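Colleague: For reference, the sequence and a predicted model appear below.
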2 protein chains.
Amino acid sequence: MQDSTRLSTPASVHHSLVAGVCLCAALLAGGAHAWEGLVEKQVFEMDEYTTRGGETIAPLTVGWEAYGTLNEARDNAILITHFFSGTSQAAGRYAEDGPVGYWDSIIGPGKPLNTDEYYIIASDTLVNLNAHDPNVITTGPASIRPETGEPWGMDFPVVTIGDFVDVQKALLESQGIEQLHAVMGASMGAQQAYEWASSYPDRVERLIPVIGAGETDPWLLATLGAWAAPIRVDANWNDGDYYAGEPPMDGLREALKLVTLNANHWQWANETFDRSWADEDADPTRDLHARYAIEQTLDDIAAARAKLADANHLLYLVRANQAFTAGHGESLEAGLTDIEAPTLILYSEDDLVFVPPSVRRTADLIAADGTPVELIPLAGNRGHLDGVVSIDQAGEALSDFLSK
Amino acid sequence: MQDSTRLSTPASVHHSLVAGVCLCAALLAGGAHAWEGLVEKQVFEMDEYTTRGGETIAPLTVGWEAYGTLNEARDNAILITHFFSGTSQAAGRYAEDGPVGYWDSIIGPGKPLNTDEYYIIASDTLVNLNAHDPNVITTGPASIRPETGEPWGMDFPVVTIGDFVDVQKALLESQGIEQLHAVMGASMGAQQAYEWASSYPDRVERLIPVIGAGETDPWLLATLGAWAAPIRVDANWNDGDYYAGEPPMDGLREALKLVTLNANHWQWANETFDRSWADEDADPTRDLHARYAIEQTLDDIAAARAKLADANHLLYLVRANQAFTAGHGESLEAGLTDIEAPTLILYSEDDLVFVPPSVRRTADLIAADGTPVELIPLAGNRGHLDGVVSIDQAGEALSDFLSK
């Protein structure tokens, strides 16, 4: 399927068509493979990639990073697959004063995903949301298409979770990795993990889906569709053709606000906020434009995220998430039966994105032919997001599962 | 507070500044007060109304209807207060072939809210969402302001649930009703019911809030804010000044889609829909514009609703709901302690709008000084909406409570 793959050197970063000119200094810092807390973002490039739908993307570039050292047998790799608004940065930091990756609490020397033992690798997906983040390297509608010298825009082919997985497979093969000790991901990352274990059962020794199900259920189809809607309402979206003009920032901000709100739980909202006004001089009962503090906070988060994000990428990501059914598409039952890897599913009983019955159904279908499946609930007041921000509580379960 | 009130005759409907020209034939049908299944929509007009915030609305017109007969003592009235997207039509139909009101299963001769016994009255609120529904009569931003001959637009004052209640109080007084056998409402209707019992404890003998709490919690503040957002993104909204041009229909549809989705529960979505495509010839994995059936259904519902609705009215309703704390504003505790009426609260454990802890806290605060409170959960797969569509299961509890 992949005609040509190669592992780019950091120098090729300069020529990335995707990441643009503003690259993190850490990218160029060099250093050993062994991870010491500072992370090097690297580039993987394919001259050409054919999607599962039969469309060609040429070239294709994604960013990746690793923590720990690949052993000589090349059999100690754990792949981390990221969530909807995530990036490859699962752990560590790109600069001394930079933020750490989202699962830093469980990835590192002596941690449950022990970098003294495992080679932990993560990549940016295709159509990564944060196309304008200098630390993100992806290929999608915002990328320049060499034939035209213009961004792909809506001519970019629809891509699926299976495509995310196949690009990761090419990345791993470029490093001589044929076998994964484990694949682990949260939310959209769980979708990728299920897809890995279903499409390539011989290559996955352990499966760890977090806050995710083997299929996107109708509730989530609708929720994802609602995330896309504000972008389409924004006149600046212009049917996706906005790269020469003003991007649809209002719509993008509102889309990202819905993502934040839906990924949380009402317990979090009601335990974190009160009915305070955003501005003590602007009374919402007198001024229709005045807001409450929780609205202001969600708006501020959305505005910060929107600066790094691309609206078309969000639409393509929504579709990749909607389209997901694990495996090669005959049926969910067939796709999940193909999974052979012992499976540890971490989930939240309060998840409003991947709701518990859909997660439990996934577990039952994987277990139906005797594959061992363990289902562990995560505590917290964040619902879905507890799979990201409260993952440390699963540390012992993860250590045990990885060493079995 | 109300300088002048009068009960309009059906003839005055023709001059309503609010409902426009297209009025239901049933409005003009005349007939006895006793309710025989066909409902007459009537008009209540005030020359001037001063809001709780001290602003003047002149004139003010709202629609109302009643089922059953007011007795001589004028003490058999039950007021029904409507939900966010609702109207006064709680029961019956305006025409032989028209749809019935939302609580028709419990309101009528021999039904729990027995029209042989009670005079059941309901009115359209101020800033009613369905400003362009020929059966709705309301006053809000879409209404013509006599001083200017133009719609109020964003010059309309912010109104609150307290204002909805005070207009209803004037309507009841115009019929000589000083005492309510009960007040009952769902969701935003529950807010009005709490407000009635807190602001006018001497006038409310029984309180029946359904799927609602005594205060809008931070989760709901944010959810309501998200409903408003797509309208503001739509360029046609034009800061609320669109009455001479194209209204923001795209934003309004997306706002109403969120209302439908949030008012339901994931059980409903996953038990009602599957992963079918909206169009069997348009594969969502090949075409970014293709949709899933559940998306199409939600879009169709939203489009139908949007034709009758006004975008500014939605923004004002959002604010009225956000601003709600029962009582005169010192604190929720004080507001709920003011309630003296025995209270029956119907709610859903799966409500994602008024979440169960906020409902239970409301019940506890009302009960704190000895006021009797009964809390009954509703079953169903709709969550919040079970308070509307599944109300019949509470029939016996309602009969018993009303006759105590």
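Modeller: Thanks, I have it.
Colleague: Against residue B:323, how distant is the spatially most distant residue from the centre of chain A?
Modeller: Within chain A, residue A:286 marks the point farthest from the mean C-alpha position, 42.0 Å out by C-alpha atoms, centre = their mean. Per C-beta to C-beta, to the nearest Å, residue A:286 is found 10 Å from residue B:323. Backbone N, C-alpha and C define where each C-beta goes, glycine included.
Colleague: Give me the common contacts of the two.
Modeller: Overlap of the contact sets of residue A:286 and residue B:323 (by C-beta atoms under 8 Å, 6 or more residues apart in numbering or on different chains) consists of residue B:158.
Colleague: quick one on the thing from earlier: who's in contact with the residue farthest from the centre of chain A?
Modeller: Taking C-beta under 8 Å, 6+ apart, one finds B:53, B:158 in contact with residue A:286.
Colleague: Can you read off the pLDDT for it?
Modeller: pLDDT for residue A:286: 94.
Colleague: now swap in residue A:329 and tell me
Modeller: 72.
Colleague: Counting neighbours, what do you get for the nearest residue to it once chain neighbours are set aside?
Modeller: Using C-beta to C-beta, 6 or more residues apart in numbering or on different chains and skipping residues adjacent in sequence, the residue nearest residue A:329 is residue A:335, 7.5 Å away. When counting by other C-beta atoms under 10 Å in any protein chain shown, one arrives at 25 neighbours for residue A:335.
Colleague: in the host helix or strand of residue A:335, what's buried?
Modeller: Following DSSP states H and E, one finds residue A:335 within helix A:332-337. Going by neighbour count (16 or more other C-beta atoms under 10 Å in any protein chain shown), the buried part of helix A:332-337 is A:332, A:335, A:336, A:337.
Colleague: One more: stretch A:71-89?
Modeller: Residues of stretch A:71-89 classed as buried: A:76-89 (neighbour count, 16+ other C-beta under 10 Å).
Colleague: List the ones among those that fall in strands.
Modeller: Taking DSSP state E as the definition of strands, those contribute A:77, A:78, A:79, A:80, A:81.
Colleague: still on that earlier bit, now tell me what touches the helix or strand following the helix holding residue A:335 from outside.
Modeller: Downstream of helix A:332-337, the first helix or strand assigned by DSSP H and E is strand A:343-347. For strand A:343-347, the surrounding residues in contact (C-beta under 8 Å, 6+ apart) are A:197, A:206-212, A:354, A:356, A:359, A:362-363, A:366, A:371-378, A:387, A:391, A:394, A:397-398, A:401.
Colleague: rerun that using 6 Å as the cut-off
Modeller: Strand A:343-347 is contacted by residues A:207-211, A:359, A:363, A:366, A:373-376, A:378, A:394, A:401 when judged by C-beta atoms under 6 Å, 6 or more residues apart in numbering or on different chains.
Colleague: Double-check that residue A:375 belongs to a helix.
Modeller: No: when classified by DSSP: H, G, I helix; E, B strand; the rest coil, residue A:375 is found to be strand rather than part of a helix.
Colleague: near chain B, which residues of chain A?
Modeller: Applying C-beta under 6 Å from any C-beta of the partner chain, one finds that chain A approaches chain B through A:53, A:158, A:217-219, A:221-222, A:225, A:229-230, A:233-235, A:250-251, A:254, A:261, A:266, A:269-270, A:273, A:284-286, A:288, A:292, A:294-295, A:298, A:319, A:323, A:355.
Colleague: Could you report the separation of the nearest residue to residue A:131 once chain neighbours are set aside from residue A:83?
Modeller: Leaving aside its sequence neighbours, residue A:131 sits nearest to residue A:310 (C-beta to C-beta, 6+ apart; 3.9 Å). According to C-beta to C-beta, residue A:310 and residue A:83 sit 17 Å apart.
Colleague: neighbours of residue A:39, just the number please.
Modeller: 28.
Colleague: Where does the prediction get shaky in the stretch 1-150 of chain A?
Modeller: A:1-36 (pLDDT under 70).
Colleague: And the helices in the stretch 51-200 of chain A?
Modeller: Using DSSP state H, counting those that start in this stretch, the helices of the stretch 51-200 of chain A run over residues A:161-174, A:188-199.
Colleague: now, of the ones you listed, which is deepest in the fold?
Modeller: Ranked by mean neighbour count, the helices of the stretch 51-200 of chain A are led by helix A:188-199 with a mean of 30 (mean count of other C-beta atoms under 10 Å in any protein chain shown).
Colleague: what pairs with the very next helix or strand once past it, and is each one parallel or antiparallel?
Modeller: Toward the C-terminus, helix A:188-199 is succeeded by strand A:207-210 as the next helix or strand (DSSP H and E). Here strand A:207-210 has these sheet partners by DSSP bridges: strand A:182-186 (parallel), strand A:343-347 (parallel).
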